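S.K.: Here's a sequence, model it:
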Amino acid sequence: MITAIVLIHADNSRIPETAQAVADTEGVTEVYSCAGDVDLIAIVRVRDHEQIAEVVTGRIDKVPGVQRTTTHIAFKSYSRADAEDGFSIGV
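M.R.: Take a look at the predicted model:
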């Protein structure tokens, strides 16, 4: 699975409706409303890179209230403690 973080600038008067519509979009697993430089953050999980473009530009960008998006591919990092604990399980 590939995880993408989509930063969404939305029409301020439509944030709750826009967040709900984005959350209902296939491929979107989580949506957060936030204060700061962006209005919403969506987590997209798909099987391949082509699907990211389909979800973001084909679906999220077309949601009423979405003004623009920026997409970041996410790579999970683990702390050494997590990795060491994982290898010690069952020893």
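
S.K.: Skipping its backbone neighbours, what lies nearest the residue most central in space within the chain in space?
M.R.: Nearest residue to the geometric centre of the chain (Cα atoms, centre = their mean): Ile43, 1.8 Å. Excluding its sequence neighbours, the residue lying closest to Ile43 (Cβ to Cβ, 6 or more residues apart in numbering) is Glu30, at 4.2 Å. In this view, the C-beta of every residue, glycine as well, is placed from N, C-alpha and C.

S.K.: for Gln51, same thing?
M.R.: The shortest distance from Gln51 to any non-neighbouring residue, by Cβ to Cβ, 6+ apart, is to Gly27 (6.6 Å).

S.K.: Contacts only, for the one you found.
M.R.: 44-46, 51, 54-55, 59 (Cβ atoms under 8 Å, 6 or more residues apart in numbering).

S.K.: so what's Ile8 bridging to?
M.R.: On the basis of DSSP bridges, Ile8 is bridged to Leu40, Thr69.

S.K.: That one reaches Gly65, doesn't it?
M.R.: No - under the criterion of Cβ atoms under 8 Å, Ile8 makes no contact with Gly65, lying 9.1 Å away.

S.K.: Run a quick neighbour tally on the residue nearest to Ile43.
M.R.: Glu30: 12 surrounding residues under other Cβ atoms under 10 Å.
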